[in-house]
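**Q** Pasting the sequence and the predicted model now:
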Amino acid sequence: MASYGIYVGRDLTEDGSVFLGGSGDEVSSHWLELVAASSHAPGSVVTVGVDENAALPGELSTIPQVAQTARYLSMNYTEYEGFPPPLTNGGLNEYGVAARDIWSPSRQELVDMTPATQRGPNYSDLSRIVMERARSAEEAVTIVGELIDEYGYSSYGGNSHMFADAEEGWVLLEFAGGKGLWVARRLAADEVVMFYPGYIGEVPVDIDSDPDFRASENFISFAVEQGWFDPDAGEAFDVARVYGTDEVRFPRREMEEELRQAAPISLRDMLDAVRDRRISKDATGYGQVAQLKANTPAAVRTLWVAPTGSVTAPFIPWRIGVERIPPEFGKHRYLTKNESRRFLTRDWQLQEATVFAGRLFKRLMYFTCDRPDEFLPEVTEALTAFENGMLAEQAMVDETARVLLAADRPRLASRYLTDYVHARAREALELGAALLGSIEARTRVSYGIREPEGDEMSRLDYQMVTCRPLVSRDGDGGQ
């Protein structure tokens, strides 16, 4: 319950791009996946929802699949109790629509009234469907709203989405309760918004008449029926007060203000924000930043991805036009649901034999964050320098790909983009291995490898490994 998303409008950025970044917090393996555009036969369906094992149980069901789905990049994962894998929080599709999925708790009364037979798409289903179908951020809202209106929504307690394209962003909140409640707001070009958790604020009572807002038909009326809102009292309809909670996790407000003050914001600034050690930690499955520019060919659209928590992992620029993902950044057994009770198949033998980027940079995180005051500055400096080298190359990479596309050589453009990013991905692994070797060696020589004091190896709470400033080594694990 601590995923985060950051939106920066185009009026506040250095080059007029829209930025959408963030990460999901999940107890799971994470891997980068390139999903090809696909055609589907009439009558094709998609299985959606949650099963009886979810904290808020439900029933799996099917909805119709569209005839054609889009190509997209996404970080997948496998574990959320009762939610069938693979799961996703969004990504970037060929139409230049980016999506992030972030927790957003509903008020307890809504959680309590959620039926055990809830049906309809869950948060991951909606994120994936948007990647498959949406051609704009506003269309993403339309798609999600219509799906919930027609098929319902399977909730784990409340959720939210950020959608963005090269022009604007939208935020959308879904609520528990089985009542199909949802609300969305357009984000302005001069706006910075951080979801941690998701929020919208006040909405007009006549919400249907305002083009900057969208909502389920019962959004206002249900609150009135429950006695949670009195339209005659002269008060504004505050979404968090009426349907959600007032929780604001540190440092949401601080980071929003810091980004506003930093305008015009560069891609470098955005990568740094997603990497911020106040929010990037062991639970952070990856780091992700979509840079959304107008008039960009589909093949050149770029999603910067760190293979695990970006506090100690580099961002790499993956383009929609790449042919494939290197095996080191693909799916491995580490933390993948159900794999610990089975043996590896020969089919996956060589993929599993490769170095898993997620595990490599996890090890770097654990060594670095054990003594962050000593080791984190050099790791940050090295990762930033590596990324700055790639940032300096991007104009040339884009121009080369555009020239090849204009010459009607799309396959050659894809091969060029693939060769480029695969080379940088290998360099990232080499950098990570060098940093890990150095910090591990110095830890062993200077401090030794301390032994655990208890038998509890892991916990499902937020007393976890972080690189926040070291306070003590007592009580909460030392940070």
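**A** Received the coordinates, thanks.
**Q** quick one: secondary structure of residue 96?
**A** Applying DSSP: H, G, I helix; E, B strand; the rest coil to residue 96 yields a three-state assignment of coil.
**Q** Sorry, wrong one. I was asking about residue 420.
**A** helix.
**Q** Please work out how many residues are found near it.
**A** 20 (other CB atoms under 10 Å). Quick note: C-beta positions are derived from backbone N, CA and C, even for glycine.
**Q** hey, where'd the helices end up in the stretch 101-250 of the chain?
**A** 108-112, 123-133, 137-151, 219-226, 239-243 (DSSP state H, counting those that start in this stretch).
**Q** quick one: which of those helices is nearest residue 38?
**A** helix 123-133 (8.4 Å; CB to CB).
**Q** packing partners for that closest one?
**A** strand 45-48, strand 72-77, strand 87-93, strand 98-103, helix 137-151, strand 159-164 (3 or more CB pairs under 8 Å, 6 or more residues apart in numbering; DSSP states H and E).
**Q** next one: the helix or strand harbouring residue 417 to chain centre, how far?
**A** Secondary structure from DSSP states H and E places residue 417 in helix 410-446. Its chain's C-alpha centre and that of helix 410-446 lie 22 Å apart, by CA atoms, centre = their mean, to the nearest Å.
**Q** How about stretch 344-356?
**A** The answer for stretch 344-356 is 26 Å, by CA atoms, centre = their mean.
**Q** just stretch 109-124 next, same as before
**A** That offset, for stretch 109-124, works out to 22 Å (CA atoms, centre = their mean).
**Q** which other residues reach that stretch?
**A** 48-50, 56-59, 61, 63, 80, 83, 87-89, 101, 129, 147-148, 151-159, 161, 174-179, 181, 226, 243 (CB atoms under 8 Å, 6 or more residues apart in numbering).
**Q** Residue 5 should be in a strand, yeah?
**A** Yes: secondary structure assignment places residue 5 in a strand (three-state DSSP).
**Q** need the contact list for it.
**A** 20-22, 100-102, 162, 194-196, 198.
**Q** Take those residues and write them to a markdown table, including neighbour count.
**A** Shown next, in a markdown table, are these (neighbours: other CB atoms under 10 Å):
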| residue | neighbour count |
| --- | --- |
| 20 | 30 |
| 21 | 29 |
| 22 | 27 |
| 100 | 29 |
| 101 | 25 |
| 102 | 29 |
| 162 | 29 |
| 194 | 28 |
| 195 | 25 |
| 196 | 25 |
| 198 | 28 |
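**Q** Tell me the one among those residues nearest to residue 412.
**A** residue 20 (29.9 Å).
**Q** Now for the closest one: which residues touch it?
**A** Applying CB under 8 Å, 6+ apart, the residues near residue 20 are 5-8, 98-100, 162, 164, 169, 289-290, 292.
**Q** need the strands for the stretch 301-450 of the chain, in chain order.
**A** For the stretch 301-450 of the chain, the strands defined by DSSP state E, counting those that start in this stretch cover 302-306, 316-319.
**Q** Domains in the protein, by residue range?
**A** 4-295, 327-446 (automatic domain parsing).
**Q** Kindly check the end-to-end length of the first one for me.
**A** According to CA to CA, to the nearest Å, domain 4-295 extends 28 Å from its N-terminal end residue to its C-terminal end residue.
**Q** tell me the contacts of the nearest residue to residue 212 once chain neighbours are set aside?
**A** Counting by CB to CB, 6 or more residues apart in numbering, the nearest residue to residue 212 once its immediate chain neighbours are dropped is residue 186, at 4.2 Å. Neighbouring residues of residue 186 by CB under 8 Å, 6+ apart: 138, 168-170, 211-213.
**Q** do residue 202 as well
**A** 236-239.
**Q** Nearest residue to residue 137 in space, please, no chain neighbours.
**A** Nearest to residue 137 is residue 163, by CB to CB, 6+ apart, at 4.1 Å.
**Q** do you know how far that neighbour is from residue 75?
**A** Note on residue 163: its distance to residue 75, by CB to CB, to the nearest Å, is 17 Å.
**Q** With residue 310 instead?
**A** Distance from residue 310 to residue 75, by CB to CB: 12 Å.
**Q** Common neighbours of the two, please.
**A** Going by CB under 8 Å, 6+ apart, residues that sit against residue 310 and also against residue 75 are residue 286.
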